[in-house]
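> mind folding the following:
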Amino acid sequence: CLYVHMTYTLPDGTEHMNLHALRSAPGLTGLVLLAAVGAVALFRVIWQRQRTAALSVALACGLAALSCGADAVYIGAERFGARQAAANSRGDIAKLVARAHLYRAKVYAAVNTLLRDDELEPARRLIAGLYEDGVDAVIIQDLGILALDLPPIPFIASTQMHNGTPERVRFLREAGFQRA
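Numbering: from 1, shown residues only. All right, here's what the predicted structure looks like:
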């Protein structure tokens with residue numbers, strides 16, 4: 001399954017994001033991937049003011065999305081991601097970042113689960129490592145991450161943060177999130 005995000009900015013400056021899931025039947029994964037990344041390229045041509053991004057479950061999917069013109073790739077980090085099947089090593093994420101930045105595209109890493117107290121330090125180390133690897137932003141759900149001693153990496157509020165009203169989005173922006 002490849003998820004395609006369409007993000008655009010409304011006249012009032014608010015960013016809006018739509019999520020499209022493109023699923024495959026057994027044995028058709030490659031065909032659906034090609035159709036999905038082709039759709040990303042098509043969306044990019046049709047909606048010039050929109051940014052296109054693909055949620056990648058693996059390095060190969062992210063590289064394919066970039067090759068078809070995605071402006072950004074969302075990828076699960078090796079731990080603490082809501083989609084455990086989409087966990088990627090820091091090495092793979094660093095490879096994706098290197099390719100994305102050649103195309104002036106961005107890479108957003110998901111570290112978007114609620115953390116126990118004993119997971120805060122490993123999450124801090126992971127986020128610091130992702131920053132060192134050049135990730136452009138980290139998608140988080142747990143507000144406790146904001147209290148950690150972290151490098152200046154932008155945060156994106158996970159859709160799991162119940163951010164469906166202007167008041168909630170305003171709160172998240174005031175809390176330091178780049179995007180909700």
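> hey, where'd the helices end up in this structure?
Assigned by DSSP state H, the helices in the chain fall at 29-46, 59-67, 90-102, 120-132, 166-174.
> reformat those as TSV; add mean pLDDT, distance to residue 141 and mean neighbour count.
Yep, even glycine has a C-beta here, placed from its N, CA and C like the rest. Shown next, in TSV, are these (pLDDT from 0 to 100; distance: least, CB to CB, whole Å; neighbours: other CB atoms under 10 Å):
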stretch	mean pLDDT	distance to residue 141	mean neighbour count
helix 29-46	41	25	16
helix 59-67	84	21	21
helix 90-102	94	19	18
helix 120-132	97	11	17
helix 166-174	88	11	13
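> and those as JSON lines, adding distance to residue 73?
Listed next are these as JSON lines, based on distance: least, CB to CB, whole Å:
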{"stretch": "helix 29-46", "distance to residue 73": "10"}
{"stretch": "helix 59-67", "distance to residue 73": "4"}
{"stretch": "helix 90-102", "distance to residue 73": "6"}
{"stretch": "helix 120-132", "distance to residue 73": "13"}
{"stretch": "helix 166-174", "distance to residue 73": "22"}
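> to residue 142, which of the ones you listed lies closest?
helix 120-132 (7.9 Å; CB to CB).
> what does the closest one rub up against?
For helix 120-132, contacts defined as CB atoms under 8 Å, 6 or more residues apart in numbering pick out 77-80, 90, 93, 109, 111, 115, 138, 142, 144-145, 148-153.
> quick check: residue 137 touching residue 157?
No: the criterion here is CB atoms under 8 Å, and residue 137 misses it with residue 157 at 10.6 Å.
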